[in-house]
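Participant: Following is a predicted model, sequence given first.
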There are 2 protein chains.
Amino acid sequence: MGKRVVIIGGVVAGPKVAAKLRRLDPEATITIVEKGKFLSYSGCGLIYYIGGKIKNYQELMETPEGEMQDPEFFEKFTQVKVYNQTEATRINREKKEIETRSLVTGETRILPYDYLVLATGARIFQPNIKAFELQQPDLELGYMDLAHVYTMHGVEDAEAIRWTIKEKLAKKAVIVGGGSIGLEMAECLVENGLEVTLVEMLPEILPTFLDEDIGLLIRRYCQTRGINIQVGETIKYIEGEGGLVKRVITDQGSYEADIVIMATGFKSNSELAQKAGLIIGKSGGIQVDTSLRTSDPNIFAAGDCIEVENLVFGEKVYMPMGSLASKQGRVVALNICGENEIFRGALSSMILKFFEYTIARSGLTVKQAKDLGYEVEYSLVPSFDKARYYPGAQQVIIKMIAEKGTKRLLGAQIIGKGDVSMSIYALAPVLHYGGRLEDLSNLDLPYSPPFSSVIDSVCVAANVLRNKLEGKLVGISPQEVERKRKQGDNFVFLDVRTPKEYLDLRIPGSTLSPLTVLSQKLDDIPKDKEIIIFSEVGHRGYEASLILKNAGFQDVKVMDGGITCWPYEQGRGEG
Amino acid sequence: MGKRVVIIGGVVAGPKVAAKLRRLDPEATITIVEKGKFLSYSGCGLIYYIGGKIKNYQELMETPEGEMQDPEFFEKFTQVKVYNQTEATRINREKKEIETRSLVTGETRILPYDYLVLATGARIFQPNIKAFELQQPDLELGYMDLAHVYTMHGVEDAEAIRWTIKEKLAKKAVIVGGGSIGLEMAECLVENGLEVTLVEMLPEILPTFLDEDIGLLIRRYCQTRGINIQVGETIKYIEGEGGLVKRVITDQGSYEADIVIMATGFKSNSELAQKAGLIIGKSGGIQVDTSLRTSDPNIFAAGDCIEVENLVFGEKVYMPMGSLASKQGRVVALNICGENEIFRGALSSMILKFFEYTIARSGLTVKQAKDLGYEVEYSLVPSFDKARYYPGAQQVIIKMIAEKGTKRLLGAQIIGKGDVSMSIYALAPVLHYGGRLEDLSNLDLPYSPPFSSVIDSVCVAANVLRNKLEGKLVGISPQEVERKRKQGDNFVFLDVRTPKEYLDLRIPGSTLSPLTVLSQKLDDIPKDKEIIIFSEVGHRGYEASLILKNAGFQDVKVMDGGITCWPYEQGRGEG
């Protein structure tokens, strides 16, 4: 008889372990225990089913050949026994067996194992918020007791939300949480005609992924899409009437809602492991080594229930991502079969479609890096995803972060209507290898006008960052400039664009002095004041700063990202 | 007085040196000598001007702010003196001066330098082909003497070709050369209504970039676009009548043509350097060190005139690419100013839009690697550029090459209608760092269904290649299978797709045995014969091979890339 492998969890990592294991070992006895009804589906794809881009959720569960991956499929074609709608209730590590209970019949079962795989996934973190029923004000409810309050996790949630939308039972939605799920949900609901308010407790959207300056740029874009985003606002309670959700009350306001989506982040399902005495990391995920073994050598873990090393700074973090789960499943199967496959860790890479925008990131943000004690510098560089003259070229904005001294790349955030995916795909491997900015300056990324600028935007962002680190360019963030404006600092705010650009759009309080005539106008600029220069994207600002420095000006700064990255008050110039 | 820098060449590398140098050193005296009329333009963008996607070639010469980069611009805004339409005729290294001659007035000039930069670029290699005038058969001409025979290089060529098309002076085009320029030209002419024949001397198109199997897949696609591609065919002579080109005669046929484009590859303009006694590499490019200094420490060189190290195998090659030229210009400027900037080399990265297709590559092909003495294995993996279920997902085909033993990535070729750019952008850095396949297996590329499969196609291609290298999968190329079929080898050719797929499209001589029933049909398959399995893309083929091996079959191979990469005879199945 072959080795007995029991896998708890049947969505992503679990089925991947089973499939790969079967390929490696035809003799193994493989069993999957899954709490839910459905197996092996793309959780990340459910949002497109809700929104209607995908007609049947079955498409998310099919093999490339169009076969539904239900228990029968697993048993018939891969000889994997599946108990779905079955909960694993206890791990007995001494006897090497687990106890399960059917959620349908209540039947219990003991499953012995040689190797156990925990792929128990994650669940939506449910904050402690009260709910009230207007018709019975004294009755304290859980908010999930109100109809049309949903979490967004799993097929059943998706079905319910889709049904609510399709039946036109909701016009006004409140989304609680401004992470990636919250934003995807916002797009989905807006495209289905709902009026959407998104409430994020932290000061900016996508707080675990982006720095606040980048988050703010996205939030400004949201306004153009008619989404009401409220940041720094805490939900106090939720009101229902007649069993239906009615209103969300925050510490700052009240929002009508006939549908509420809780997109409040993920939490590892690590309780079963914890009860069995396995080590749980500080992040809340199950601790594993690089072979994905838990603290018990016969128990592996993979997917959204574990913590992994962040390769940039070498510590364990919680990083629930479908792509990692899938890769980890493969690693576990290989190691169960005695191979020595290493899962070193990950980069917290993320990409998100958000209306016409793409939002991507990898590595550390400035804030995360600083919190970890790094001394950092960054560049903020708008550019185009194709040659500027090529039809359809669109803007992308890259924020690139490096460690001072070593000039090691620490992270990047990229947003824009242009092709962001290729830039982040180039940067993730550089982060993986611990690469430095100078590697990026001359990295041979292939070029042709339909695909990039002649020097790719990631190379340009690296060069700008090197200029800053080498003191050739002194930057100042739009946030810092705005703070100075608000507190009435006495500085020259110099716009070096053309008169035409100035007429189209200007920053109030700025003075126009086009780069092309700047050399002749130096006498008009006071030498003893702080000078802050900006242009459209920053390049001309840099050129202007060099002219001023050569002319003996001492305190010259260039505003990061130019007017393109200015998220505050703008006006139209006066002729 | 600042240092005197003379730059010969004003298209890409030269102006980049000048602009960066001016930023670094306001005191330097900078002079550009350019043979042509135009300066600082995107040569790679000219094709879009010819085809009409760009209305004015001036767009290719503008700064991001829309200013034409003509000599006046350079002089006024960057204090760079420009002599255009001026040829550098001699370098006097002892006296540190160059001689120039105006191509307009004949005036000569001596320009002294502290540093000289050679950015003399490349020209189209002109093969030794005869031309005949039908009306005067005894008169032997050069083919460029015939009207409407063009090379494709520089603004004047582009103007002439565009004019010929716009004036509808040509209906039938012959393009000589199947490299990237030849293919871009073919697309451009077909889209402008011309009938196009492309003749390539070597056995397959894009011979310096792709292996023949990949070239053949593209050539099959060309048929659907109505381009007549003739490979392995040598031009013998060109016929003209009344001064106009009329016909191209090859060793295998004759093609009517009222326009002929010579796209016969690039050749370094290294003669000036050679005459001055500078070392010219075996590749024909000027030899430089990693600071881009020539064999004379006061002379730098950059752009299409130099050779650079191929970072994968560490030898110098000729790699004329606009993006490299631009990067090199920056490096030269920094080093002239006493910094220590390193240009290590490049990867022969290339990307090309070709109708709906994108063609990209980096590193070495199988053929190049073998010629260099590497022992290699490769994978050929079709997949999708988005999650399979996401609307608009398109196919991409990755050929990934690694060294046996070390499993180091040596190169990749990627083609398809899908987003190829992000995949090649991920692989170029891995090549840059000398990465191995195992790095790719778990590389944290960001995932979301609109952007990739849950395990990105480059990770999948790496995993397939690892399976081959570890003996888990024995592959066989479609080319080898076709050879066996033609010579009548006795093997079982097993199609493990579904009956429906088989009815849609099949390979003649194959036997259907769907994967899902294969285990029950093992007795129908002879155990003593060679078995070659294929499926749609290869995945089911792999599964089937495992079933057969477990059942005791000895000689089981899986055809690389499945029927998707089968470029030979196909039929419709019989019911």
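Facilitator: Great, that's in hand.
Participant: To what extent is A:R344 buried, counted in neighbours?
Facilitator: 14 (other CB atoms under 10 Å in any protein chain shown). C-beta here means a position set from N, CA and C on the backbone, and glycine is covered the same way.
Participant: cool, and the one 10 residues further on?
Facilitator: Here the neighbour count serves as a burial measure; for A:F354 (other CB under 10 Å) it reads 19.
Participant: host element of the nearest residue to it once chain neighbours are set aside?
Facilitator: Closest residue in space to A:F354, ignoring its immediate chain neighbours: A:L183 at 5.3 Å, by CB to CB, 6 or more residues apart in numbering or on different chains. Assigned by DSSP states H and E, A:L183 belongs to helix A:180-191.
Participant: so the residue nearest to A:F354 touches A:L352, yeah?
Facilitator: Yes. Between A:L183 and A:L352 there is a contact under CB atoms under 8 Å: 6.4 Å.
Participant: which ones are touching the residue nearest to A:F354?
Facilitator: Neighbouring residues of A:L183 by CB atoms under 8 Å, 6 or more residues apart in numbering or on different chains: A:L198, A:I205, A:L206, A:L352, A:F354, A:I359.
Participant: Would you mind measuring from it to chain B?
Facilitator: Going from A:L183 to chain B by CB to the nearest CB, to the nearest Å gives 11 Å.
Participant: Mind pulling up the pLDDT for that residue?
Facilitator: Confidence at A:L183, expressed as pLDDT, is 97.
Participant: Also the one 4 residues further on?
Facilitator: The score at A:E187 is 96. That number is its pLDDT.
Participant: Buried among the contacts of A:L183? Make that a ChimeraX selection.
Facilitator: Per 16 or more other CB atoms under 10 Å in any protein chain shown, the buried members of these correspond to this ChimeraX selection:
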select /A:198,205,206,352,354,359
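Participant: For the lowest-mean-pLDDT helix or strand in chain A, buried residues please.
Facilitator: Least confident helix or strand, chain A: strand A:136-142 with a mean of 84, by mean pLDDT, DSSP states H and E. By 16+ other CB under 10 Å, the buried positions in strand A:136-142 come out as A:L141.
Participant: CA atoms of that strand as PDB?
Facilitator: Coordinates of each C-alpha in strand A:136-142 appear next as PDB, following Å, rounded to 0.1, in the frame of the first residue of the first chain:
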ATOM      1  CA  GLN A 136     -37.200  46.100  17.600                       C
ATOM      2  CA  PRO A 137     -34.600  48.600  18.900                       C
ATOM      3  CA  ASP A 138     -33.900  46.600  22.000                       C
ATOM      4  CA  LEU A 139     -32.900  43.500  20.100                       C
ATOM      5  CA  GLU A 140     -29.200  43.300  19.600                       C
ATOM      6  CA  LEU A 141     -28.200  41.400  16.400                       C
ATOM      7  CA  GLY A 142     -25.100  40.300  14.600                       C
END
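Participant: who does it touch, helix- and strand-wise?
Facilitator: The contact analysis (3 or more CB pairs under 8 Å, 6 or more residues apart in numbering or on different chains; DSSP states H and E) places strand A:136-142 against strand A:130-133.
Participant: Could you spell out the sheet neighbours of the strand it packs on, each with its direction?
Facilitator: Under the criterion DSSP bridges, strand A:130-133 sits next to strand A:136-142 (antiparallel), strand A:235-241 (parallel) in its sheet.
Participant: next helix or strand past the first one?
Facilitator: Spelled out, that is strand A:136-142. Of the helices and strands lying after strand A:136-142 in sequence (DSSP H and E), the nearest is strand A:149-151.
Participant: in the following helix or strand past that following strand, what counts as buried?
Facilitator: Following strand A:149-151 in sequence order, the next helix or strand is helix A:154-166 (DSSP H and E). For helix A:154-166, a neighbour-count test (16+ other CB under 10 Å) marks A:G154, A:V155, A:D157, A:A158, A:A160, A:I161, A:R162, A:T164, A:I165 as buried.
Participant: Give me the lowest-pLDDT entry from those residues.
Facilitator: Checked by pLDDT, those have A:G154 as the lowest-scoring entry (88).
Participant: Which single one of the contacts of A:L183 is nearest to chain B?
Facilitator: Lowest distance from chain B to the contacts of A:L183 (CB to the nearest CB) belongs to A:L352, with 5.8 Å.
Participant: Could you find the closest non-adjacent residue to that closest one?
Facilitator: Leaving aside its chain neighbours, A:L352 sits nearest to A:I359 (4.5 Å; criterion: CB to CB, 6+ apart).
Participant: Please apply the same query to A:E315.
Facilitator: Spatially, and ignoring its direct neighbours in sequence, A:E315 is nearest to A:E309 (6.8 Å; CB to CB, 6+ apart).
Participant: Tell me if I'm right that the one you found and A:S348 touch.
Facilitator: No. With contact defined as CB under 8 Å, A:E309 does not reach A:S348; the gap is 10.8 Å.
Participant: which one of these two has more residues nearby?
Facilitator: Counted by other CB under 10 Å, A:E309 and A:S348 do not tie: A:S348 has more neighbours, with 26 against 18.
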